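Undergrad: Any chance you could fold what I've pasted below:
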Amino acid sequence: MRITTKGRYALRAILFLVHCSDDKPVSIKTLSEKTHLSPEFLEQIFFRLRKAGVIISTRGPGGGFTFLKDPASVSIHDIFLAVEEGYHVAPCTELDHDKASCEFSSDCVACDFWNHTNDAFVKYFSQVSIQDVVDRKFPELL
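TA: Numbers count the residues shown, from 1 in each chain. Prediction:
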């Protein structure tokens, strides 16, 4: 499974935001300094997270970004979907199980395996909340 840089950085920034914000807006500059991510890349990520309703922004002096929801109600999967087009373990998992992108998919045992594996990752990332990660409480894989 390949999680893009954007997905990994979004998770890092969100975890910092939740862990350190104390319900006060955190500026892009502060986020950039603390997470060692470029302000421009953070702005792209936070634009998508704001659009997805995960965070809100406050303008003006003392402004910045605030986590909008209860961190226990937002999954890692929610973050990845907000900033990426999706994540997949193999090309044949990129489309619906019925319409795979591989010419061998209709009778390919490997395609069935990859789809099953991809579903397991999605299920796991859907079960792990932002609060779980902040608290370092990771559910068992299987």
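Undergrad: Counting by contacts, list what the longest helix seen in the chain packs against.
TA: Looking only at the chain and at elements set by DSSP state H, the helix with the highest residue count is helix 109-127. Contact here means 3 or more C-beta pairs under 8 Å, 6 or more residues apart in numbering; DSSP states H and E; on that basis helix 109-127 packs against helix 76-83. C-beta here means a position set from N, CA and C on the backbone, and glycine is covered the same way.
Undergrad: need the contact list for Ala29.
TA: For the record, residue 29 is Lys, not Ala. With contacts defined as C-beta atoms under 8 Å, 6 or more residues apart in numbering, the neighbours of Lys29 are Pro39.
Undergrad: May I ask which helix or strand encompasses it?
TA: In this structure, Lys29 sits in helix 28-35 according to DSSP states H and E.
Undergrad: circling back to that earlier point, quick check: angle from the longest helix of the chain to helix 76-83?
TA: In this structure, helix 109-127 runs at an angle of 100 degrees to helix 76-83, with axes from the mean of the first three to the mean of the last three C-alpha atoms, to 10 degrees as the basis.
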